[in-house]
Every structure is written in structure tokens, then in C-alpha cells.
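Asks: Below: sequence and its predicted model.
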Amino acid sequence: MTYPFPGMNPWLENPLLWHDVHQRLSIALAEDLATRLRPRYFVGVETHTYISIPDERRKSRYPDVTIIDRGGAPVQTSAAIAPAPFTEVVLRDDPLIENYLVVRLVPAGEIVTVIEILSHANKQPGRDRETYIQKREELLETEVNLVEIDLLRAHPPMPYADEIDSAYCILARHRTRLNRARLYPFGVQQAIPIFPLPLLPDDQEPLVNLNELLAGVYERAGYDLILNYAEPPVPPLNEADAAWANELLKKVTT
């Protein structure tokens with residue numbers, strides 16, 4: 001199946017899948033920009049590491065294995081052998097590593113633009129979100145361009161984007177306007193806005209078309225093989241968007 005939506009696909013937002021989508025889309029964006037920005041700029045893929053405290057672990061982590069069903073008869077043990085005493089401890093999650101992009105000036109290596117695609121880990125309330133927002137505020141105090149791409153309906157919107165009512169949003173702050181940022185809001189039924197990537201003053205800013213990139217990721221990854229469009233997405237859509245999505249999917253699957 002080719003990509004069925006004009007913009008964001010709500011079924012891709014599921015926390016069990018989004019980490020994979022996030023990584024693939026980050027790489028696709030990096031490769032697309034790298035070919036258009038060379039030789040003046042280098043686009044690097046860097047990483048955040050998130051480590052949750054125990055009471056947050058089930059909210060913000062992606063499971064390595066999901067058990068759908070348990071089969072077979074219960075294992076029998078000898079009643080004559082008593083189990084040894086034990087102490088139970090709560091384990092910390094393994095670190096969650098997620099990509100973000102950095103556009104650097106060649107050959108100086110100066111950071112010109114940071115591009116973040118938000119994840120459930122850094123958007124959901126808790127320590128990971130607080131850590132991300134703190135780093136975000138520190139970045140906004142510098143002369144570094146910031147692009148923040150929010151393709152998730154779940155969780156509260158990020159600061160500044162919470163001033164608008166929108167399913168999704170892209171924030172772009174240019175270094176020449178430190179106390180201003182552009183917001184590009186859009187809904188489930190709309191295409192992802194095409195926006196100019198902020199660079200150094202007087203440089204031509206390339207247009208970022210996330211619609212094409214996401215459609216390419218969808219088809220190369222084969223997400224149509226694992227998405228069940230007969231079930232509502234996670235999180236579910238409102239009534240109007242759900243009706244629109246169902247009609248759209250009928251057209252592309254028949």
C-alpha cells in the first residue's frame with residue numbers, strides 16, 4: 001500500500017511503533033538535507049539518552065518484547081522443595097537513545113541549526129520532559145536556530161505551541177529573531193506544512209517537505225504490513241477525524 005494520508009498518519013503515533021518511525025524519519029531528513037546543504041553545511045545525526053526513574057518506566061519506554069498471549073500448560077514444581085527466600089527490587093530501564101539533527105558550518109564545525117522530532121519520551125509529563133524542556137530553553141538563549149517537529153497528538157503540547165489549538169505543530173526559531181518563533185499548526189486532515197529551514201543570514205534556506213519524506217519512510221519500511229487500519233489508532237481520533245480517515249482508507253484499499 002502506498003502512503004494513504006495527505007499529511008501525518010495517526011496510526012504511526014502508537015508508542016510501540018513511534019521509536020522506529022522517529023529513527024527512520026530522522027535519518028531520511030538528515031540525508032535529504034545533507035545533499036542540498038553541502039558543501040557549506042554538514043548535517044550530523046546526534047543522540048539524546050533518556051533514563052527513567054522506576055515510577056515512570058511503563059509510561060515512557062518502548063518494550064523490547066511484547067507478549068501477546070501465553071500458551072501451554074503451567075510448569076509443575078515439586079511440592080517437597082521449598083523456594084528460597086528472596087528480596088525484590090525495582091529495576092531501572094535501559095537507556096532510551098533517540099536521534100536529533102545538528103546542522104554545522106564547514107569547516108569550523110559551528111552549530112547553526114538543531115532539528116528535533118519529538119518523541120513520547122520527551123513530550124510525556126515526567127522527568128524526561130522536564131529535562132528536554134530545560135535543554136530546549138538553554139538552546140533558545142543561544143544564537144542557534146531551532147526547529148521542533150511535533151507529530152504526536154498524545155501528551156500536553158510543548159511550551160509556546162500550547163498557545164494554539166492544533167493536533168500537530170512545527171516550531172521554527174531563527175537566530176536573527178531570538179525572542180520570536182514561527183508556529184506551523186496543522187491537523188489530521190491536512191498536509192504537513194512545507195517550511196524553510198533556518199540557516200545563517202543571507203544563505204538560501206531549503207524547503208523541508210516532511211510529507212514526501214514520511215511517505216518514503218512508510219513505503220521503504222513496509223509499515224502497511226504491520227498496521228491494522230481496522231482498529232482505531234493510539235491515541236484515538238476525534239469523531240470527525242475518525243470518519244474522515246475511515247472514508248480515506250476505504251478509497252485507497254479498494
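Replies: Cool, got the structure. Numbering: from 1, shown residues only.
Asks: pretty sure V147 belongs to a strand, no?
Replies: Yes: counting by DSSP: H, G, I helix; E, B strand; the rest coil, V147 is part of a strand.
Asks: Do a quick rundown of the helices in the chain.
Replies: 15-37, 57-60, 120-123, 127-140, 210-221, 239-253 (DSSP state H).
Asks: can you put these in JSON lines and add mean neighbour count, mean pLDDT and distance to P157?
Replies: Where you see a C-beta, it was placed from the backbone N, CA and C, and this is true even at glycine. Below are the helices of the chain laid out as JSON lines (neighbours: other Cβ atoms under 10 Å; pLDDT from 0 to 100; distance: least, Cβ to Cβ, whole Å):
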{"stretch": "helix 15-37", "mean neighbour count": "18", "mean pLDDT": "97", "distance to P157": "17"}
{"stretch": "helix 57-60", "mean neighbour count": "16", "mean pLDDT": "38", "distance to P157": "17"}
{"stretch": "helix 120-123", "mean neighbour count": "24", "mean pLDDT": "93", "distance to P157": "8"}
{"stretch": "helix 127-140", "mean neighbour count": "15", "mean pLDDT": "93", "distance to P157": "11"}
{"stretch": "helix 210-221", "mean neighbour count": "18", "mean pLDDT": "98", "distance to P157": "18"}
{"stretch": "helix 239-253", "mean neighbour count": "13", "mean pLDDT": "93", "distance to P157": "17"}
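Asks: Ok, which of the ones you listed comes nearest R173?
Replies: helix 127-140 (6.4 Å; Cβ to Cβ).
Asks: Now do the closest one: which elements does it pack against?
Replies: strand 41-50, helix 120-123, strand 145-150 (3 or more Cβ pairs under 8 Å, 6 or more residues apart in numbering; DSSP states H and E).
Asks: Report the angle between the last one and helix 210-221.
Replies: For the pair strand 145-150 and helix 210-221, the angle between their directions (axes from the mean of the first three to the mean of the last three Cα atoms, to 10 degrees) equals 60 degrees.
Asks: Partner strands of strand 145-150, with direction?
Replies: Strand 145-150 has its sheet partners listed here by DSSP bridges as strand 111-117 (parallel), strand 168-173 (antiparallel).
Asks: Save the ones you listed as a markdown table, and put in mean neighbour count and distance to E239 too.
Replies: Formatted as a markdown table, those follow (neighbours: other Cβ atoms under 10 Å; distance: least, Cβ to Cβ, whole Å):
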| stretch | mean neighbour count | distance to E239 |
| --- | --- | --- |
| strand 111-117 | 22 | 28 |
| strand 168-173 | 22 | 18 |
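Asks: Quick one, which of the ones you listed gets closest to E98.
Replies: strand 111-117 (8.5 Å).
Asks: Measure how far the closest one is from the centre of its chain, please.
Replies: Remark: strand 111-117 is offset 14 Å from the chain centroid, using Cα atoms, centre = their mean, to the nearest Å.
Asks: now do stretch 186-194
Replies: Offset of stretch 186-194 from its chain centre (Cα atoms, centre = their mean): 16 Å.
Asks: Which among the helices and strands packed on helix 127-140 is found nearest to Y223?
Replies: helix 120-123 (17.2 Å).
Asks: Would you single out the least confident of the helices and strands packed on helix 127-140?
Replies: Lowest mean pLDDT within those: strand 41-50, at a mean of 86.
Asks: helices and strands around it, which ones?
Replies: On a contact count with 3+ Cβ pairs under 8 Å, 6+ apart, strand 41-50 meets helix 15-37, strand 96-105, helix 120-123, helix 127-140.
Asks: That one vs strand 96-105, what angle?
Replies: Going by the same axes, to 10 degrees, strand 41-50 makes 160 degrees with strand 96-105.
Asks: Please identify the buried residues of strand 41-50?
Replies: By 16 or more other Cβ atoms under 10 Å, the buried positions in strand 41-50 come out as Y41, F42, V43, H48, Y50.
Asks: Then stretch 219-237?
Replies: Using 16+ other Cβ under 10 Å as the test for burial, stretch 219-237 gives A221, Y223, L227, Y229, P233, L237.
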